[in-house]
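**Q** with the input below, show me the fold.
(chains A and B)
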Amino acid sequence: MYSHGSESLIKQARDIQEAELKKFYRRLAKLLQGKELGHEAMDSLQRLHLILSATKFTRTLPAELQKGLLPLLSSPVEQLQLLSSAVLRETLPLSGEELNYTQEDVLQLNSHTAALLLSQAGSRADLSSLCAQLLRSLESRQSDGPTHSLMQTLPILNTIITHSPECLTEDHLTLLSKKIVDWLRYASITQGGGASSGGFFTGPRSRQPVPTAELDGTVSGDFFTVLCVGQGFTDDQWMNVYSFSMLRHWLLTYHSVPSGSTIADADDRSEVDGSVVSMVSATSSSSRLLPPKERLREKAFQYCLRLIEQSDRKALKRTDTELQKACLVEAVCILDCVCVEDTSLVYRTFPCVKALFGRLSSDLTFARVLLPIAQFYLNHGEMAAVDCESVWKLVFGRFPAELFNSPFLAHELLRFLRLNLESLQLRVPEYTRSFPNLLKFLAWDSPAVVDDFVDLLPSLVTAETAVELLHTMLDLPCLSATLLLQLRSTCSPISEPGGRGLLSLDAFRSASLRGLFLYLLRTEAGSGDTIDRLSTLHELLAEAADWPRVVQCAQTVPVLLHIFFSAVVMIADEKLSAHLILVMLERSSLLLNIPTYIKEIHRVFSCHLLRLCKLRPSLVVDQSHELLEFAGTTANVYSKDEIYTHVVWALGEYLSVSSDSRCSVRLITSCFEALEAVLFEITSSAPPPGAACPVPRVITTLMSALAKLASRSHDLIPRVSLFLSKLRTVTRGGSVAWCTDEEDLVAIVMRGEELWSLLKTPGVAQSVLTPPPHVTTPQWHRDTNLSMPLQLRTLTSLTHTQ
Amino acid sequence: MVRCFLIHTVCPVSALSAGESRLLFSRVFGPDEGVLTEQHRGLGPEERRLLRREKTAVVARQVRSAVSLSREASGRPPVEAVPGEEALALQEAGSGAVRLRAGDPFPEEMSALWLAVQSLGFTLVCEPHENLPLAEGTLRNLTRHCLEHLHMLGPGSEVLLRSDRVDALLSRLLPHGQLLFLNHRFAQSLEKEVAAYMAK
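**A** Presented below is the predicted three-dimensional model:
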């Protein structure tokens, strides 16, 4: 597909030399002067376009060439219009030669010139005058005028109002509202464009008007819509299509209730609007009496109801079935829009939307249509006192569970959640409990949706489910593997010769082990934080550790864990914080064995363990038993050095009376002894077979922790000093089995000596190693007791010249 | 509205670094948003064009990354369709949607829908309130036409040398970025016009 040929073409275009380029310009300018423009001119124009668009730096064309190109914009040959427009869009207009926005012959404005005008528009004023021109031509249009210029009016206007809604004046809005109503509701209902009713008899006599048909072939019985077909179409039927295509955007721009009003005298209008609104709801039948804006709303409403009815028909062509779905989405969105604008319409709309929901809810192929319906229920369900439970069961239950692998549904569902977060958290209790299901989107296609989860995750963190959420996130790669197995299990035969995933697939299908996998596939939180046989599950899934989807998932977990902890810290009380610490300690050895995954998780744990301890220092004393158990296990030094270091540091820092008054001398001593034992062990012999030398930081952290503890209970000082001096002696003898790097050894010994000399003066050691709170968190200017003397002293030293 | 339509590489290109994508066709619809915002008011037309190009390059890169991750995850071997097998190529094409956050690179949040056929990606950047099912259908339709009329499954470079055909296609099926609700009859009528243009 993309060949060397293409690559070299682009390269040539970018690297063309100035001289050659100038020659080319001259030749082309000459060609354009000729009367008839043949293949050579076309090819040269193509080449020019390639040269201009191949580089991001703009090339300016010589004036002569530009002047030759401008007339081509109104050439009768479309290819010339197109090429000249494309070329001029890639270059700068000559100053003074910019297309005049007040051209009189704007009636001849073709699509390609319009595109150029739009891309060159330099200000709102330019766009406004273009709008004015278009609408003038629309108003004064002869019925037999060129169709193309009429049909592109609405797309051009739509693109302008996307960027600059105030380009249309009040009068313009009224005019367009009226026209759109005409096109939407009163388009011709007979087939246009020379539709003949038969093959043989094609004479003037048989040119009876043939009515348009529905998508299932039956004759249309009501007004024309985009879901009506005919052999040919009249102009106003085309305009029906264009009008509907921009209708929602129009309503969103000009009809949303307090729309930072872009039209003048909005204040007066809002009062009038209010009274008109109440009139509308009562007189829906006599819509001709309504002002244009309200009339458009009413007609839009009717159009959408008709589309919903038409979508129930079985279309003969598959592309039309897809269009019906798109129309349903649009219709429900527009209904939502008009109901937001005029809440009295809700009572007329809800029965229809409810019926539609009933019709579609069991068919998963309509899932993407059900999302706008869910939005409708969310916006208006409360007001209409409708029970929305079945909707949420679908959105939070079936969709994630069964459609986790449809990328577009995932994109739209997650977007729906993001946009309605506040509302959902308030009104839909199912939301926060549905994270096991929602995370299936993440487990399946992490790179595509991780961005959405960065925004959604904080809202899923609640005090009741935080622990379960943590477990679930840690096992996300397992979920990823399980989803793959689930899909594979439904697709492949029971016994497969060879092929990957055999062991785990068998396990997935076996009755005794199925429960483990079913736990991961659960749809709701609340049935237990995690399972007992997690290690079994990890073993069964060991071969999944290199499956691409699982690896991609594993890469996103650390990032989301950071977000989780940042969120949980805001709502966690003492009890929950303690529980989280325990979970971290427990899970540090209970993770799916993917290279670098375990290390990354440990890093995240270390960071947040420390954070929790810093926030609530008394946690260390509270959980001292478990922390000591962890810190006293020598194996942890080798397998979990990152966490180990942090746990030891936390113990050293916070196991003191100033953090928690319950901290007894006995506690300090037992902690000291546990750490001392480990330190002895790792510095007295070589590491166990298979393990690397202990990380130097572990050793220095242990030493510092011991010193800190000793400074709080001075009886322990001699023991530390003894150890440190022994250490110095041993290391003087040269290399040691537990540390291979000389520089590291030197650093360790230096730290040892610093601590040793510090501990020689216990009082100083205590202030340095266990500083009182007012030292670690100085108040200075905030504390009136301190600040006053400081201020006085500063003033004195400034004012007294001595 | 659709902000832009891009055709770009999603395979490694020797002249570019690993994550980069070569843009073969890029069409941005509508006025330049830079003229209307305070932020870029001081920029001249040249700088604005550069900014536009940079933005489309950013989109292409993000889609390229999404495509390669998606292909890696699915683990399916790529299907090599030959000219004449456009329908097959389209059927086998991967597809997805990338969320472009506000500011990265457009001022508002956008959705980039993509279709990856072998070494090329076809991307439609839509405003998020847009009808995405309709956008997806339109993208498929556009891709099919591009593959057929520009013989993209073959080794030629028509997408570069006949870019006017893509413009002609866009002017009918996606005029100025407007997605259209076209039933098969309306679509047929427009496609006839397109075919007539291509025949010249």
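
**Q** hang on, B:Phe5 is in a strand, isn't it?
**A** Yes: assignment of B:Phe5 by DSSP: H, G, I helix; E, B strand; the rest coil places it within a strand.

**Q** helix, strand or coil: sort out the closest residue to it other than its chain neighbours for me.
**A** Nearest non-adjacent residue to B:Phe5, counting by CB to CB, 6 or more residues apart in numbering or on different chains: B:Arg27, 5.1 Å away. (Glycine included, C-beta is placed from N, CA and C.) The assignment at B:Arg27 comes out as strand when based on three-state DSSP.

**Q** same check, this time on A:Asp222
**A** Classification of A:Asp222 using three-state DSSP returns coil.

**Q** quick check, it in contact with A:Leu305.
**A** No: counting by CB atoms under 8 Å, A:Asp222 sits too far from A:Leu305 to count as a contact (10.2 Å).

**Q** count the residues that sit near the residue nearest to B:Phe5.
**A** For B:Arg27, the neighbour count with other CB atoms under 10 Å in any protein chain shown is 22.

**Q** tell me who's in contact with it.
**A** Neighbour list for B:Arg27: B:4-6, B:166-167, B:170 [criterion: CB atoms under 8 Å, 6 or more residues apart in numbering or on different chains].

**Q** in what helix or strand does the residue nearest the centre of chain A lie?
**A** In chain A, the centroid-proximal residue (CA atoms, centre = their mean) is A:Asp452; its distance is 3.1 Å. According to DSSP states H and E, A:Asp452 maps onto helix A:446-460.

**Q** list the buried residues of that helix.
**A** A:446-453, A:456-460 (16 or more other CB atoms under 10 Å in any protein chain shown).

**Q** same thing with stretch A:289-298?
**A** Within stretch A:289-298, the residues scored as buried using 16+ other CB under 10 Å are A:290, A:292-298.

**Q** again, but for stretch A:674-686
**A** By neighbour count with 16+ other CB under 10 Å, stretch A:674-686 contains the buried residues A:674-676, A:678-679, A:682-683.

**Q** how about stretch B:113-129: buried residues?
**A** Buried residues in stretch B:113-129, counted by 16+ other CB under 10 Å: B:113-118, B:120-129.

**Q** CA atoms of that stretch as PDB?
**A** Provided in PDB are the C-alpha atoms of stretch B:113-129 (Å, rounded to 0.1, in the frame of the first residue of the first chain):
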ATOM      1  CA  LEU B 113     -12.300   7.600  14.700                       C
ATOM      2  CA  TRP B 114      -9.900   5.400  12.800                       C
ATOM      3  CA  LEU B 115      -9.900   2.600  10.300                       C
ATOM      4  CA  ALA B 116      -6.600   0.900   9.600                       C
ATOM      5  CA  VAL B 117      -6.200  -0.900   6.300                       C
ATOM      6  CA  GLN B 118      -2.800  -2.600   6.200                       C
ATOM      7  CA  SER B 119      -0.200   0.100   6.200                       C
ATOM      8  CA  LEU B 120      -2.500   3.100   6.100                       C
ATOM      9  CA  GLY B 121      -4.900   4.700   8.500                       C
ATOM     10  CA  PHE B 122      -8.000   6.700   7.700                       C
ATOM     11  CA  THR B 123      -9.000   9.100  10.400                       C
ATOM     12  CA  LEU B 124     -12.000  11.300  11.100                       C
ATOM     13  CA  VAL B 125     -11.700  13.800  13.900                       C
ATOM     14  CA  CYS B 126     -15.200  14.600  15.200                       C
ATOM     15  CA  GLU B 127     -16.600  16.800  17.900                       C
ATOM     16  CA  PRO B 128     -17.700  14.500  20.700                       C
ATOM     17  CA  HIS B 129     -21.400  15.400  20.600                       C
END
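
**Q** tell me where chain A has strands.
**A** With DSSP state E, the ranges of strands along chain A come out as A:213-214, A:228-229.

**Q** for A:Leu72, find the nearest of those strands.
**A** When the strands of chain A are compared by CB to CB, strand A:228-229 sits nearest A:Leu72, at 37.3 Å.

**Q** how near is A:Asn703 to A:Thr776?
**A** Rather than Asn, residue A:703 is Met. 21 Å (CB to CB, to the nearest Å).

**Q** more crowded one of those two?
**A** Neighbours were counted for A:Met703 and for A:Thr776 using other CB under 10 Å; A:Met703 has more, 25 against 10.

**Q** pull the contacting residues for the more buried one.
**A** Counting by CB under 8 Å, 6+ apart, the residues that A:Met703 touches are A:679, A:724, A:748, A:751-752, A:755.

**Q** now do 6 Å
**A** With contact set as CB atoms under 6 Å, 6 or more residues apart in numbering or on different chains, A:Met703 has these partners: A:752, A:755.

**Q** thinking again about what came up before, list the contacts of the residue nearest to the centre of chain A.
**A** A:Leu414.

**Q** let me know how buried A:Gly734 is, in neighbour terms.
**A** A:Gly734: 8 surrounding residues under other CB under 10 Å.

**Q** and what of the one 3 residues further on?
**A** Residues contacting A:Ala737 under the criterion other CB under 10 Å number 11.

**Q** touching, it and A:Ser684? I think so.
**A** No: look at A:Ala737 against A:Ser684 with CB atoms under 6 Å: they stay out of range, at 8.8 Å.

**Q** so can I have JSON lines of the strands of chain A showing mean neighbour count and mean pLDDT?
**A** Output for the strands of chain A, formatted as JSON lines (neighbours: other CB atoms under 10 Å in any protein chain shown; pLDDT from 0 to 100):
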{"stretch": "strand A:213-214", "mean neighbour count": "18", "mean pLDDT": "92"}
{"stretch": "strand A:228-229", "mean neighbour count": "24", "mean pLDDT": "94"}
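
**Q** what's the closest of those to chain B?
**A** Closest approach to chain B among these (CB to the nearest CB): strand A:228-229, 4.4 Å.

**Q** in its sheet, what does the closest one sit against?
**A** strand A:213-214 (antiparallel) (DSSP bridges).

**Q** what's across from the closest residue to B:Val28 other than its chain neighbours in the sheet?
**A** Distances taken as CB to CB, 6+ apart place B:Cys4 nearest to B:Val28, at 4.4 Å, with adjacent residues excluded. Beta-bridge partners for B:Cys4, by DSSP bridges, are B:Val28, B:Val125.

**Q** return the residues of the stretch 501-650 of chain A in contact with chain B.
**A** The stretch 501-650 of chain A has residues A:548-549, A:552 near chain B, with proximity defined as CB under 6 Å from any CB of the partner chain.

**Q** so how do I select the buried members of the residues you listed in PyMOL?
**A** To isolate the buried ones among these in PyMOL, judged by 16+ other CB under 10 Å, type:
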select buried, chain A and resi 549+552
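
**Q** before we move on, the earlier item: from A:Pro687, how far off is the residue nearest to the centre of chain A?
**A** Counting by CB to CB, the gap from A:Asp452 to A:Pro687 is 45 Å.

**Q** run a quick neighbour tally on residue 176.
**A** Here I'm looking at chain A. Look at A:Leu176: counted by other CB under 10 Å, it has 23 neighbours.

**Q** could you do chain B instead?
**A** By other CB under 10 Å, neighbour count at B:His176 equals 23.

**Q** what is the neighbour count of the nearest residue to it once chain neighbours are set aside?
**A** Spatially, and ignoring its direct neighbours in sequence, B:His176 is nearest to A:Pro155 (4.2 Å; CB to CB, 6+ apart). Neighbour count of A:Pro155, defined by other CB under 10 Å: 25.

**Q** from B:Arg27, how far off is B:Glu54?
**A** Distance, B:Glu54 to B:Arg27, by CB to CB: 16 Å.

**Q** what's the span of stretch A:587-607, first residue to last?
**A** 15 Å (CA to CA, to the nearest Å).
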